[in-house]
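Enquirer: Structure, please.
(chains A and B)
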Protein chains: 2
Amino acid sequence: MGPKTKSPPGDTNQSDRDIFFMRAAMEAAIEARDKGDIPIGAVMVHEDKIIAKAGNARKISSDPTAHAEILVLREAAEKLGDWRLLGCTLYVTLEPCTMCAGALVLARLTRVVFGASDPKAGAVESLYTILADPRLNHQPVVTSGVLADETGELLRGFFRARRTKKAEKYSNTSD
Amino acid sequence: MGPKTKSPPGDTNQSDRDIFFMRAAMEAAIEARDKGDIPIGAVMVHEDKIIAKAGNARKISSDPTAHAEILVLREAAEKLGDWRLLGCTLYVTLEPCTMCAGALVLARLTRVVFGASDPKAGAVESLYTILADPRLNHQPVVTSGVLADETGELLRGFFRARRTKKAEKYSNTSD
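Expert: Next comes the predicted model:
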């Protein structure tokens, strides 16, 4: 399935640009995986430049809020010197959770692009539709499904490897 | 209206203890106000001791995620060396928003106590009931309405003063 977008029409380069920035978010996801964290990555784009890039760091930093989205939000706000991230687009490999979706609304983000859906915890289209809630004071434009297969496979591969490792551990224990 | 609680019965000191810790959260709210931020404060309690205390710092730190709840979550996790805050109780003067409610679930918090309700953005009982969502992998016990009048009055007083200041400014401009 191709990407679903709610962004304005007439932007013919959108797809190529979105794929380019999603690949950068995937790089951050791979770096997170190589440090032992779940491979989710994000970049913040402002005026067609990446101003922040981070992978999920919950385990390595012992910080429950250290999702990739929160880390790039904080880094971008620091660089721009404003908590309002008007004109910014976030690219993230996985559908944001409740915490991250809430943070994106608070930061007045212009646009959010994500890769794979998260049926267990996603708060953009799966469990909730927080970014489209008219009761909150801001609604970012959303594009979903960009490189959905590749970003999803990164996660599935990680959990597959972890299960294999655990199985080997138990198998060695019983020897 | 008195506090509504869903915590286990048989704890006769709950009320006094909750009021004690909510007053500490109010101190943090007042400190935030004195620095120019919206007066919301929080403390994290572990084994009957305050291990983290913070006021809302969104404006002063230019960080869209710097709500009082997020700041105490991060400080507590750093102190305990674990992103899981099992056995911890958060006291916060205002009903948590979507971002903060999501973060409390992610941190596996045991209990959440808040003061005033937030009909515009609250995600515990007002707009959403995220802490009670059985689809998410954790549900903290919730107590609401502790010192609701005093914590609410802190906020109302702040916005009243801000409106007066703005009105004076425009009145001076027109002279």
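Enquirer: tell me the helices in chain A, going along the chain?
Expert: Assigned by DSSP state H, chain A shows helices spanning A:14-34, A:58-61, A:68-80, A:98-106, A:148-173.
Enquirer: Which residue comes closest to residue A:55 once chain neighbours are left out?
Expert: Nearest residue to residue A:55, sequence neighbours excluded (CB to CB, 6 or more residues apart in numbering or on different chains): residue A:32, at 2.9 Å. C-beta here means a position set from N, CA and C on the backbone, and glycine is covered the same way.
Enquirer: can you pull the contacts of the one you found?
Expert: A:38, A:39, A:40, A:41, A:55, A:56, A:57, A:68 (CB atoms under 8 Å, 6 or more residues apart in numbering or on different chains).
Enquirer: among the helices of chain A, which is the most enclosed?
Expert: helix A:98-106 (a mean of 29; mean count of other CB atoms under 10 Å in any protein chain shown).
Enquirer: gap between that helix and the chain center?
Expert: 12 Å (CA atoms, centre = their mean, to the nearest Å).
Enquirer: what does stretch A:64-78 give?
Expert: Chain-centre distance of stretch A:64-78: 11 Å, with CA atoms, centre = their mean.
Enquirer: which residue is nearest the centroid of chain A?
Expert: Of all residues in chain A, the one closest to the mean position by CA atoms, centre = their mean is residue A:92, 2.4 Å from it.
Enquirer: Bridging across strands, which residues link to that residue?
Expert: Following DSSP bridges, residue A:92 is listed with bridge partners residue A:42, residue A:114.
Enquirer: Could you report the distance from residue A:95 to chain B?
Expert: Plainly put, residue A:95 is 13 Å away from chain B if you go by CB to the nearest CB, to the nearest Å.
Enquirer: That should have said residue A:35, apologies.
Expert: Separation of residue A:35 from chain B (CB to the nearest CB): 15 Å.
Enquirer: now do residue A:104
Expert: Distance, residue A:104 to chain B, by CB to the nearest CB: 9 Å.
Enquirer: same deal with residue A:42?
Expert: Here the criterion is CB to the nearest CB. By it, residue A:42 lies 14 Å from chain B.
Enquirer: got it, and residue A:83?
Expert: With the distance defined as CB to the nearest CB, residue A:83 ends up 4 Å from chain B.
Enquirer: same deal with residue A:169?
Expert: Here the criterion is CB to the nearest CB. By it, residue A:169 lies 22 Å from chain B.
Enquirer: for residue A:42, what are its contacts?
Expert: A:25, A:28, A:53-55, A:68-69, A:71-72, A:90-93.
Enquirer: now do residue A:50
Expert: Residues in contact with residue A:50 (CB under 8 Å, 6+ apart) are A:21, A:24, A:43, A:44.
Enquirer: Most widely separated two among these?
Expert: A:24 and A:44 (10.4 Å; CB to CB).
Enquirer: can you list the weak-confidence ranges in chain A?
Expert: A:1-14, A:173-175 (pLDDT under 70).
Enquirer: just checking, residue A:108 touches residue A:80?
Expert: No. With contact defined as CB atoms under 8 Å, residue A:108 does not reach residue A:80; the gap is 11.6 Å.
Enquirer: Which neighbours do those two have in common?
Expert: Joint contacts of residue A:108 and residue A:80 (CB under 8 Å, 6+ apart) do not exist.
Enquirer: Show me what from chain A comes close to chain B.
Expert: A:58-59, A:62-66, A:70, A:73-74, A:77-78, A:81-85, A:97-103, A:105-108, A:120-121, A:123, A:127-128, A:130, A:133, A:135-137 (CB under 8 Å from any CB of the partner chain).
Enquirer: The same query, at a cut-off of 6 Å, please.
Expert: Residues of chain A lying near chain B by CB under 6 Å from any CB of the partner chain: A:58, A:62-65, A:70, A:73-74, A:77, A:81-83, A:97-99, A:102-103, A:106-107, A:127, A:130, A:135.
Enquirer: Excluding chain neighbours, what is closest to residue A:66?
Expert: Residue A:66's closest residue in space is residue A:57 (CB to CB, 6+ apart), at 4.3 Å.
Enquirer: Make a markdown table from the helices of chain A and add distance to residue B:15 to it.
Expert: What follows is these, written out as a markdown table (distance: least, CB to CB, whole Å):
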| stretch | distance to residue B:15 |
| --- | --- |
| helix A:14-34 | 44 |
| helix A:58-61 | 35 |
| helix A:68-80 | 35 |
| helix A:98-106 | 30 |
| helix A:148-173 | 45 |
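Enquirer: Those helices: which one's closest to residue B:114?
Expert: That would be helix A:98-106 among these, by CB to CB, at 15.8 Å.
Enquirer: now the angle from the closest one to helix B:68-80?
Expert: 140 degrees (axes from the mean of the first three to the mean of the last three CA atoms, to 10 degrees).
Enquirer: which residues are contacting helix A:98-106?
Expert: A:67, A:69-70, A:73, A:112, A:123-124, A:130-131, A:136, A:138, A:140, B:64-65, B:97-99, B:102-103, B:106, B:130 (CB atoms under 6 Å, 6 or more residues apart in numbering or on different chains).
Enquirer: All good on my end, thank you.
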